[in-house]
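In: Provided below for reference: sequence and predicted model.
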Amino acid sequence: MKLPNRKSAIISKPKLTEYLLSLTHKKGKSKAKFFRSIGFDESNLEKLEKSLLKIAKSNEVQRVDKAKSDILIKYVIDGFINAPNGRKYKIRTIWGIRVESKIPRFITAIPGV
């Protein structure tokens, strides 16, 4: 199964800058250390965004989880990104679709899963 409405998937810029690449974010700083170590930073946000969107649009959903409130469905999708350092890395992405909107939104990325 592919991510529903995957062509409409979006990633907010603050999700990248204030979470995934933030060395001070409580939950994001370990991810930021990884992504920065492989060459991603504020100067190439578009490359990171496109890499994560490619996973959502191209790969199969591994697992579907309903949130406790039943207003959000989470989709787990694994894939690979080509990093600025020239290497390829396995990444797990999680996307959420609110029942009322149908638009997949990026929640997080977990390196090396």
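Out: Everything's here; your move. For clarity, every value in this text was computed on a predicted model and none was experimentally measured. Numbers count the residues shown, from 1 in each chain.
In: Can you list the buried residues in the helix or strand of the chain with the lowest mean pLDDT?
Out: Least confident helix or strand, the chain: strand 61-66 with a mean of 94, by mean pLDDT, DSSP states H and E. Within strand 61-66, the residues that count as buried by 16 or more other C-beta atoms under 10 Å are residue 61. (Glycine included, C-beta is placed from N, CA and C.)
In: What of stretch 47-60?
Out: Buried-residue list, stretch 47-60, by 16+ other C-beta under 10 Å: 48-49, 51-53, 55-57, 59.
In: just stretch 68-78 next, same as before
Out: 72-78.
In: can you give me the strands in this protein?
Out: Using DSSP state E, the strands found in the chain span residues 61-66, 72-82, 88-98, 104-111.
In: Of all those, which one is nearest residue 36?
Out: When the strands of the chain are compared by C-beta to C-beta, strand 104-111 sits nearest residue 36, at 11.4 Å.
In: just the angle between the closest one and strand 88-98, please?
Out: Put simply, strand 104-111 runs at 150 degrees to strand 88-98, going by axes from the mean of the first three to the mean of the last three C-alpha atoms, to 10 degrees.
In: Show me what strand 104-111 is packed up against.
Out: helix 29-37, helix 45-58, strand 88-98 (3 or more C-beta pairs under 8 Å, 6 or more residues apart in numbering; DSSP states H and E).
In: want to throw these into TSV with mean pLDDT and distance to residue 111?
Out: Formatted as TSV, the helices and strands packed on strand 104-111 follow (pLDDT from 0 to 100; distance: least, C-beta to C-beta, whole Å):
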stretch	mean pLDDT	distance to residue 111
helix 29-37	97	5
helix 45-58	98	12
strand 88-98	97	6
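In: Tell me which of those sits nearest to residue 13.
Out: Of these, the one closest to residue 13 (C-beta to C-beta) turns out to be helix 45-58, at 7.0 Å.
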